[in-house]
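Colleague: okay, sequence plus prediction incoming.
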Amino acid sequence: MAAIEKKNKLWTLIFGITVILSMTAFFLMYRMNNEYTARGEQPIQGILCLDEEKAAGKLHYLAREWQYFPGKLLTPDMLKENTGYYSRYISIGEYGGMELGDKNASPYGCGTYRMILILPKKEQTWALSLKKVFSAYRIYINGELAGEVGDPDEKTYKEQIMNRVFTFQGSEMAEIVIAVADKNHVKSGIQYIPVFGSPVQINMQRGLRVLGSGFAMAFCICVMFGVLTVHIRTRTYLSLMIDVWIVAAFLLEIFVDILPSAGIFYEASWISEAVKWVAAFYMLVNTFGETDCGYGKIVLVGTTVYACSLVADRIWPLYEPIIGGRFPETGGMVLAIAFACVLWRDLSEAYKIRLTYEIYSKQTELRLLAQKKHYEKLKAQMDETSRVRHDMRQHLRVLAALLEQKQYEEMQTYLCRYTREFQERLTYQTYCKNQVTDAILHYYEEICREKRISFQCQVEAPENTGIEDTDFCRLFGNLLENAVEAAERCPDGSPRFIRVQIRARNNKLLIEEENSCTGSLRRGRDGIFSGKHSGQGIGTASISEIAARYGGLADFQDHNGIFKAEIFLRLTKKDTEDKLFG
């Protein structure tokens, strides 16, 4: 119970710190990376005076004091003919729609925006970037129609929303008039800040935004579908439904930006918003409920940042980033990175388990093969022993006859010839009583003979050690396999050898192995790197793991082209009655 309370306190502390840091970061983004609060020249009563020298070298965010004519679709000619139209000065995003803060008025209708730009005297090309304008408009620059999106006229109204860039040649003064009409969207009129500057800078900003958003969305979708694949394979269907829910939110976020209809845009925005809030709430609750999860802290931080981004979007609605995405997009990216970390660790663990399984399978196969060859040699030796015993009767008769005839010199000569023949016929050498160790040593001795590698072995080990046969097989298999591969890589003409010495002292099994090698060991923080690939050596890691399990250790060194492994294991059964073989 105390442990659970401690975990809950830790999770609550992580949640609280993440909330504080996230909201601080979002506030700094709002203050320092916001088109609404960007530094630079701003219009005063509908007139923007640009710096003569620096005007073309930077972007200008036209956020404040547009001259606005409510309820009128005006043209520059109409404004020249009649200067008595009612107008007021408003900032972009100041009001939700065309009701201009009047709760009793309708957010739908029409209106005209107007701004005068005082430009440098030298004529040059300028560009004006307009994001989504709800929901149809005409734009006039210097009295001429520069473009039309949809049809804002009352009788032939046709909505359309899209991002556009309008270019023109200008000097000294330019007049921008935008006549807007809307019948569907609650946030009517210009809701995103127009950006003014040189065409190169405008297009560069748009390109970077598109590239960044595309990369972020592609990354998020790849991560989410990776998580979905894991859930499908592990049959965790509840989490699968939640992840599908989150993926749907991100897909809606993508399609919302390309929808041509204001009505559909508005509905999709609300659906996307609802999906994101439900997903964030569920993930927060679920993360707190899974405090035993190994990756719970990472998911908790990502989920908390995502939830804070939704809150920040409500607290500071007038936020349009100069660089990067809006608050929910930033939070979604952090959440995707958290999921990516979890997915990467899961995949790494799965790959490690797969490699371990392959090594176990290989060692099991090695053990079976070594024992099979060991059995075949023992069977052949037993057959030869039977033949020797059968022939011995004939030799004894001959010796008896020579003895009766007192032919002692012939008898001695016959015994010497028989002894040599007996030793040649019984050549099998047993290294130790432990059958697994003996089989593995004989198996690699034969491999060394085939590869012309000198193999020397001296064993003093009891038969009963208490160490599992599978562990012995893995240890000697990895040790001698690495030794054979290292010796085989030595150039022709250089010594190729493997020397193994095994001793049992003071209830400890000491194993020393030396072999010729090329190069030197590459050590990392977690162990020795493999000589066959760039990753950590699985064989040496497996040997160290076995040694640690039996209360011992393994040390690996190299010096002057010789690799040396020293391993000691604590014997779990002390058997002093066993004879030692050497």
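Modeller: Right, received. Where do you want to start?

Colleague: tell me where the model's unsure across the stretch 351-500 of the chain.
Modeller: 356, 359-399, 402, 408, 414, 418-430, 433-434, 461, 463 (pLDDT under 70).

Colleague: quick one: the helices in it?
Modeller: Using DSSP state H, counting those that start in this stretch, the helices of the stretch 351-500 of the chain run over residues 408-425, 435-450, 469-488.

Colleague: what of the chain?
Modeller: Secondary structure of the chain by DSSP state H: the helices cover 2-32, 76-81, 199-234, 237-256, 262-289, 296-315, 327-404, 408-425, 435-450, 469-488, 538-549.

Colleague: coming back round to it: so can I have a markdown table of the helices of the stretch 351-500 of the chain showing mean neighbour count?
Modeller: To be clear about C-beta, it is placed using only N, CA and C from the backbone, and glycine gets the same treatment. Formatted as a markdown table, the helices of the stretch 351-500 of the chain follow (neighbours: other Cβ atoms under 10 Å):
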| stretch | mean neighbour count |
| --- | --- |
| helix 408-425 | 12 |
| helix 435-450 | 20 |
| helix 469-488 | 21 |
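
Colleague: for those helices, which one sits closest to Arg64?
Modeller: Shortest distance between Arg64 and the helices of the stretch 351-500 of the chain, using Cβ to Cβ, is found for helix 469-488: 72.1 Å.

Colleague: for that closest one, C-alpha coordinates in CSV please.
Modeller: The C-alpha trace of helix 469-488 is given here as CSV (Å, rounded to 0.1, in the frame of the first residue of the first chain):
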residue,chain,number,x,y,z
ASP,A,469,23.8,-27.9,-18.9
THR,A,470,22.1,-25.2,-21.0
ASP,A,471,24.2,-22.5,-19.3
PHE,A,472,27.4,-24.5,-19.8
CYS,A,473,26.4,-24.9,-23.5
ARG,A,474,25.8,-21.2,-23.9
LEU,A,475,28.9,-20.2,-22.1
PHE,A,476,31.4,-22.5,-23.9
GLY,A,477,29.5,-22.2,-27.2
ASN,A,478,29.7,-18.4,-27.3
LEU,A,479,33.3,-18.4,-25.9
LEU,A,480,34.7,-20.9,-28.4
GLU,A,481,32.6,-19.7,-31.3
ASN,A,482,34.0,-16.1,-30.9
ALA,A,483,37.5,-17.6,-30.5
VAL,A,484,37.3,-19.6,-33.7
GLU,A,485,36.0,-16.6,-35.6
ALA,A,486,38.7,-14.3,-34.3
ALA,A,487,41.5,-16.8,-35.0
GLU,A,488,40.1,-17.4,-38.4
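
Colleague: now do it against helix 538-549, angle only.
Modeller: Angle of helix 469-488 versus helix 538-549, following axes from the mean of the first three to the mean of the last three Cα atoms, to 10 degrees, is 140 degrees.

Colleague: for Lys9, find the nearest of the helices of the stretch 351-500 of the chain.
Modeller: Lys9 lies closest to helix 469-488 among the helices of the stretch 351-500 of the chain, at 41.2 Å (Cβ to Cβ).

Colleague: now for that closest one, which elements pack on it?
Modeller: helix 327-404, helix 435-450, strand 497-505, strand 508-516, helix 538-549, strand 562-570 (3 or more Cβ pairs under 8 Å, 6 or more residues apart in numbering; DSSP states H and E).

Colleague: rerun that using 10 Å as the cut-off
Modeller: Under the contact criterion of 3 or more Cβ pairs under 10 Å, 6 or more residues apart in numbering; DSSP states H and E, helix 469-488 touches helix 327-404, helix 435-450, strand 454-460, strand 497-505, strand 508-516, helix 538-549, strand 553-559, strand 562-570.

Colleague: could these go into CSV alongside distance to Val275?
Modeller: Formatted as CSV, the helices and strands packed on helix 469-488 follow (distance: least, Cβ to Cβ, whole Å):
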stretch, distance to Val275
helix 327-404, 11
helix 435-450, 60
strand 454-460, 68
strand 497-505, 64
strand 508-516, 61
helix 538-549, 44
strand 553-559, 54
strand 562-570, 57
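
Colleague: for Gln42, find the nearest of those.
Modeller: Comparing the helices and strands packed on helix 469-488 by their distance to Gln42 (Cβ to Cβ), the top pick is helix 327-404, with 23.6 Å.

Colleague: distance to Glu94 added to the helices of the stretch 351-500 of the chain, as JSON lines?
Modeller: Converted to JSON lines, the helices of the stretch 351-500 of the chain look like this (distance: least, Cβ to Cβ, whole Å):
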{"stretch": "helix 408-425", "distance to Glu94": "106"}
{"stretch": "helix 435-450", "distance to Glu94": "82"}
{"stretch": "helix 469-488", "distance to Glu94": "72"}
